[in-house]
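> below are the sequence and a predicted model for it; my questions follow.
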Amino acid sequence: MTKGTGLGHEFYADGYKLSGGINAVEDIGGGAPALDFTAINQSAMDRLLGIRDGRLSVKSFLDGAAASAHDRFRTMSASNQLLMYCAGTTVGSPVACLVAKQANYDATRNQDGSVGFATNAQGSGYGLEWCELLTADPRTDTAATNGSGVDDSDGEFYISLPGSSGNTVTTPDAAALDITGDLDIRAKIAPNDWTPAADGYIVSKYTVTGNQRSYALVLTTTGTLILQFSADGVTGISKTSTANLASLANGAQKWVRATLDVDNGASGYDVKFYTSDDGSTWTQLGATITTATATSVFAGTAVLEIGSRNAGTSDFFAGKVYEVDVKSGIGGTSVAHPIPNVSGLTDATGRVWTLNGTAAIVYPMRFGLQAHLQVTSLTGTDVTVKLQHSIDNGVNDAWSDVTGGSFGSITAAPTAVRIETARNLTIKRYLRVVTTTTGGFTNLVFRVAVEKNLVEVIFHA
């Protein structure tokens, strides 16, 4: 976390907003301690992780008003308290949440005569949980409300290709795919290995049988790119980038691109290669490859395929493909532009794509979540606050309740609730906070923070 001012930060305990009485947040920490052991059969130490813990310490000043920090902490409650420190009030702001017991309430007199108090809270049953605000702080609902979806993901849809026969993605030949002039092929990929054991065809319209060679973009065993094409369908022409991508880590994501200018205006043709991190700003990879005599591209009948050539029978690409864009003309019109999503492969050009064999569309999900609710005010009979999720913000995948994602019926405030889902529950990309009611309400002031797990997590309370 970068350094920032504390102004505008908020602190809550069991639904009470105590920010106005807190001078400073002194300490936030937690995690599992490292424990060293030495077995009798070895001289070196083994290191194991202990029980996950947490702590949160604040300084407050003397304020005798009801529901102030002094009013809440002076009684030294022996019960668990749900604490929430919000380092910001906008959606996505980091939030430290802790189920804790209060350890002390020590008074000090400052030089100016004012009285302050130090309060330390220790985790009880759960460690410190770093979450993100899923709502604004505060969010105010005056009736049942479907909140806005929040993209809480580090990933995106991709085509998973195992790199074996028959496991590819194809679309039939069409007139628009039969590019004969300038060519521009782009793909966002994450190969299992940027220097694979065998050349892998990222995208191709290139079948040797029947001499239906047209064009292809290839990743080679040395990490270079090849643009392969034919002017007559019989003779293949291969142009290899003069620089390689061998330094990229296995599985790293990158845009790659190749262009063919069939007539450079100087009685020849040019091939260029590029890379990009965002698909918009391109950096040329190596030198321009110029060949004497203008050329053309054969308008063959081969299918357009992702992950192989020869109709899925050879030269397989193994890894992830996030997007492919084949253009007629350099920077010209897209003739094929498949992008994987919840409904399959959507292509803005109208092409229909088929997933063959074990080629699949994948989205990296999360494993369960923990969430914290702090309600500071409720006017009405009852309100249920719950979480819903969707793969694509409700566009094709309708919003549905997160199993175990309800905070239950809230009938009074202030109050606070912590929930956790099953550790192996799939959590989709978008989350939103929904309020419903049976008896009615006219005002609810609250905030929700959530932590989604990258791996399965078990909590022992």
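In hand now; what should we look at?
> tell me what the worst-scoring helix or strand of the chain on mean pLDDT is packed against?
The helix or strand with the lowest mean pLDDT-type score in the chain, counting by mean pLDDT, DSSP states H and E, is strand 46-49 (a mean of 72). Taking 3 or more C-beta pairs under 8 Å, 6 or more residues apart in numbering; DSSP states H and E as the contact definition, the neighbouring helices and strands of strand 46-49 are strand 34-37. Bear in mind the C-beta positions are built from the backbone N, C-alpha and C, glycine included.
> the strand it packs on: partners in the sheet, and parallel or antiparallel?
The partner list of strand 34-37 in its sheet, established with DSSP bridges, is strand 46-49 (antiparallel).
> alpha carbons of the strand it pairs with, as PDB, please.
The C-alpha atoms that make up strand 46-49 are tabulated as PDB, following Å, rounded to 0.1, in the frame of the first residue of the first chain:
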ATOM      1  CA  ASP A  46      12.300 -27.100   9.800                       C
ATOM      2  CA  ARG A  47      10.100 -24.100   9.600                       C
ATOM      3  CA  LEU A  48       6.300 -24.400   9.900                       C
ATOM      4  CA  LEU A  49       3.600 -21.800  10.000                       C
END
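> ok, residues contacting that strand?
Outside strand 46-49, the residues within contact range by C-beta atoms under 8 Å, 6 or more residues apart in numbering are Ala32, Pro33, Ala34, Leu35, Asp36, Phe37, Thr38, Ala39.
> picking that back up, can I get the CA coordinates of the following helix or strand past the least confident helix or strand of the chain in CSV?
Tracing the chain past strand 46-49, the next element assigned as helix or strand by DSSP states H and E is strand 53-61. What follows is strand 53-61 as a C-alpha-only set of coordinates in CSV (Å, rounded to 0.1, in the frame of the first residue of the first chain):
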residue,chain,number,x,y,z
ASP,A,53,-3.6,-14.2,13.9
GLY,A,54,-4.3,-10.4,13.8
ARG,A,55,-4.0,-7.2,15.8
LEU,A,56,-5.3,-3.7,15.5
SER,A,57,-4.4,-0.8,17.8
VAL,A,58,-5.9,2.7,18.0
LYS,A,59,-5.5,5.8,20.0
SER,A,60,-8.6,7.8,21.0
PHE,A,61,-9.4,10.9,23.1
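> strand 53-61: how far from the chain's middle?
Relative to its chain's centre, strand 53-61 lies at 31 Å (C-alpha atoms, centre = their mean, to the nearest Å).
> that one pairs with which strands?
With DSSP bridges as the criterion, the sheet partners recorded for strand 53-61 are strand 22-31 (antiparallel), strand 115-123 (antiparallel).
> what's the domain layout of this protein?
The domain map for the chain lists 1-133, 137-153+365-461, 158-362, with the assignment taken from automatic domain parsing.
> could I get these as CSV with mean neighbour count?
Converted to CSV, the domains of the chain look like this (neighbours: other C-beta atoms under 10 Å):
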stretch, mean neighbour count
domain 1-133, 15
domain 137-153+365-461, 18
domain 158-362, 18
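> compare those and say which comes out lowest on pLDDT.
Set side by side, those show their lowest mean pLDDT on domain 1-133, which sits at a mean of 85.
> beta partners of the residue lying closest to Ser77 once chain neighbours are set aside?
If you skip the residues right next to it in sequence, Ser77 has Gln102 as its closest partner in space, 6.2 Å away by C-beta to C-beta, 6 or more residues apart in numbering. Assessed by DSSP bridges, Gln102 has beta-bridge partners Ala121.
> ok, Gln102 - contacts?
Taking C-beta under 8 Å, 6+ apart as the definition, contacts of Gln102 comprise Phe73, Met76, Ser77, Gln81, Thr119, Asn120, Ala121.
> looking at those residues, spot the one nearest Arg432.
Gln81 (27.6 Å; C-beta to C-beta).
> mind listing what the closest one touches?
Residues counted as contacts of Gln81 (C-beta under 8 Å, 6+ apart) are Ala13, Asp14, Val99, Ala100, Lys101, Gln102, Ala121.
> return the distance of the second one relative to Gln374.
Read that as Asp14. Asp14 sits at a distance of 8 Å from Gln374 (criterion: C-beta to C-beta, to the nearest Å).
> try the third one
Distance of Val99 to Gln374, given as C-beta to C-beta: 13 Å.
> what's the overlap in contacts for the two?
Residues touching both Val99 and Gln374 (C-beta under 8 Å, 6+ apart) are Leu82.
> so what sits against both of Asp14 and Gln374?
Leu82, Pro414, Ala416.
> right, so of the strands paired with strand 53-61, which gets closest to Ala197?
Comparing the strands paired with strand 53-61 against Ala197 with C-beta to C-beta, the closest turns out to be strand 22-31 (40.5 Å).
> just the C-alpha atoms of that closest one, please, in PDB.
As requested, the backbone C-alpha atoms of strand 22-31 are provided in PDB (Å, rounded to 0.1, in the frame of the first residue of the first chain):
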ATOM      1  CA  ILE A  22      -9.800   8.200  16.900                       C
ATOM      2  CA  ASN A  23      -6.500  10.100  17.000                       C
ATOM      3  CA  ALA A  24      -4.500   7.500  15.200                       C
ATOM      4  CA  VAL A  25      -4.400   3.900  14.000                       C
ATOM      5  CA  GLU A  26      -1.200   2.700  15.600                       C
ATOM      6  CA  ASP A  27      -0.800  -0.800  14.400                       C
ATOM      7  CA  ILE A  28      -2.400  -3.200  11.900                       C
ATOM      8  CA  GLY A  29      -0.900  -6.600  11.400                       C
ATOM      9  CA  GLY A  30      -1.300 -10.300  11.300                       C
ATOM     10  CA  GLY A  31      -0.500 -13.500   9.500                       C
END
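> return the distance of it from the chain's centre.
When distances are taken as C-alpha atoms, centre = their mean, strand 22-31 is centred 28 Å away from the chain's centroid.
> what's the answer for stretch 268-287, then?
Taking C-alpha atoms, centre = their mean, one finds stretch 268-287 lying 27 Å from the centre of the chain it belongs to.
> how far does that stretch stretch from start to finish?
For stretch 268-287, the first and last residues are 16 Å from each other (C-alpha to C-alpha, to the nearest Å).
> what of stretch 244-258?
First-to-last residue span, stretch 244-258, C-alpha to C-alpha: 13 Å.
> which residues are contacting it?
Identification of contacts with stretch 244-258 by C-beta under 8 Å, 6+ apart yields 183-195, 202, 217, 219, 222-225, 227, 271-279, 282, 285, 319-320, 322.
> greatest separation within the contacts of Gln102: which pair is it?
Ser77 and Asn120 (13.8 Å).
> thinking again about what came up before, among the strands paired with strand 53-61, which is nearest Asn443?
Relative to Asn443, the nearest member of the strands paired with strand 53-61 by C-beta to C-beta is strand 22-31, separated by 25.3 Å.
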